[in-house]
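Peer 1: just need the structure, nothing else, for what follows:
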Amino acid sequence: MRLITDISEYHYSDIRPSDRVLDIGANCGAFSLAALKLCWHVTAIEPVTFKELFECTAQSGELGIGSSLRLYNCALGDGKIHTIHWDEHVARVQTYPLDRLIEIAGGCDFLKCDAEGAEWTINPVHLKGIRRIEMELHCPPICALNPNSKPLTRYIRENYNCTVTDNSNRGVGVIGVLHAEVKKP
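Peer 2: A predicted model of the protein is given here:
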């Protein structure tokens, strides 16, 4: 099992104490635990390495007084049950659209999403109200911030100040990490 503990590709130092962080694709919880040092409410979504997520977060001792870390064994998707393949592992789990995951989390101010391509199922209007996004992007589209490529990237370009860190050397299908902050009105 490949557990992801290096979260240096994500920019998250601006998480606020009152932020509700939604970590989609939490793996073993490295990002969730780092976020929990900055805020009080983190919800971790993990379909494949959920057992490892549970064990790593239980052993960490990172929960402070008033902190809330909630773990869910499900995935971002279209609302149906899907078989998800990651490396050599397979899991059959319920998927939920982003708006439902936000509801489960009790809201979302900061979204971290590493959903192995399921990010393209996000209905752009479900991003409304999210202040910050850190999202690993996968093919398609080839040019992640081309305004004509997908409704999701078009919405993000119009409503967020954003950059993409090129991580195409990390693996097949990985474009990079999107760093986005909502534009001020």
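Peer 1: restricting to C-alpha, output the host helix or strand of Leu71 in CSV.
Peer 2: Per DSSP states H and E: Leu71 is located in strand 68-72. Taking only C-alpha atoms (Å, rounded to 0.1, in the frame of the first residue of the first chain), the coordinates of strand 68-72 have been written out as CSV:
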residue,chain,number,x,y,z
SER,A,68,-13.0,17.9,15.2
LEU,A,69,-11.7,15.3,12.7
ARG,A,70,-14.4,13.3,11.0
LEU,A,71,-13.5,10.4,8.7
TYR,A,72,-15.7,9.0,5.9
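Peer 1: now do the contacts for Asp14.
Peer 2: Asp14 makes contact with Arg132, Glu181 under the criterion C-beta atoms under 8 Å, 6 or more residues apart in numbering. Where you see a C-beta, it was placed from the backbone N, CA and C, and this is true even at glycine.
Peer 1: report pLDDT for it.
Peer 2: The confidence metric pLDDT takes the value 97 at Asp14.
Peer 1: ditto for Pro141
Peer 2: 48.
Peer 1: ok, the nearest residue to Val125 once chain neighbours are set aside - how many residues close by?
Peer 2: What sits nearest to Val125 in space, not counting adjacent residues and going by C-beta to C-beta, 6 or more residues apart in numbering, is Tyr155, at 7.7 Å. When counting by other C-beta atoms under 10 Å, one arrives at 18 neighbours for Tyr155.
Peer 1: assign Tyr155 to helix, strand or coil.
Peer 2: At Tyr155, secondary structure determined by DSSP: H, G, I helix; E, B strand; the rest coil is helix.
Peer 1: go on, the one 3 residues further on?
Peer 2: Local secondary structure at Glu158 is given as helix here, using three-state DSSP.
Peer 1: strands paired with the strand holding Leu71, and their directions?
Peer 2: Looking at strand 68-72 with DSSP bridges, its paired strands and their directions are strand 41-45 (parallel).
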